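Participant: no sequence on hand, only this structure:
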């Protein structure tokens, strides 16, 4: 067996198994540099069978830089309002923090849900990261939300909330979505 980094989220991997036949088994694979992870081309061995995740196999992704710019412009459009960013706890939330930092977004940024603990674990494994210091700085600039009282203050005050669940299926995001409808200047951006 041989392990290869998949660069999808910190710690993600592909495994190549060799016997009478060889199999490469993987989930998501990222083939581009992100704010969180540095991509390095893998030199996979000859493989007889590939088993992979294929959600987006039937089309190309839009240009990441263009999408990121549109995303940041939308956040700036709602400056002073409430911006809710549903996110997966591992990888996506930290990527969003780094993206906001790299674009100079300085308004109040809140982190809610399991993404807080995931960020601590990811920082513990800094060898996986493109720039661990940048993530640590981004984490210092956010406010952690842990209670219903804090959530109430956030929805009254406004700001950018990165919160779980990324699929809008549970967790703190449900609270923000319910409250955002009453907020005069709010937006929900799916990442």
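Facilitator: Cool, got the structure. None of these values were measured; they are calculated from a predicted model.
Participant: how close does residue 145 get to residue 77?
Facilitator: 23 Å (Cβ to Cβ, to the nearest Å). C-beta: built from backbone N, CA, C; applies to glycine.
Participant: between the two, which one's more packed in?
Facilitator: When residue 145 and residue 77 are compared for neighbours, residue 145 comes out ahead with 23 against 11, by other Cβ atoms under 10 Å.
Participant: ok, now which ones touch the spatially most central residue of the chain?
Facilitator: The structure's the chain has its C-alpha centroid closest to residue 92; by Cα atoms, centre = their mean the separation is 0.8 Å. By Cβ atoms under 8 Å, 6 or more residues apart in numbering, the contact set of residue 92 is 9, 166, 191.
Participant: what do you get if the cut-off is 10 Å, keeping everything else the same?
Facilitator: Remark: with contacts taken as Cβ atoms under 10 Å, 6 or more residues apart in numbering, residue 92 is in contact with 9, 36, 85-86, 115, 118, 162, 164, 166, 191.
Participant: check residue 20 too.
Facilitator: With contacts defined as Cβ under 10 Å, 6+ apart, the neighbours of residue 20 are residue 48.
Participant: just use 479 as the starting number from now, easier for me
Facilitator: I'll keep to 479 as the first residue from here, and by that count the last item is residue 498.
Participant: returning to that earlier point: so what does the residue nearest to the centre of the chain have for phi and psi?
Facilitator: Taking degrees, to the nearest 10, you get phi -70, psi -50 for the backbone angles of residue 570.
Participant: same check, this time on residue 588
Facilitator: In this entry, residue 588 is assigned phi and psi values of phi -120, psi 150 (degrees, to the nearest 10).
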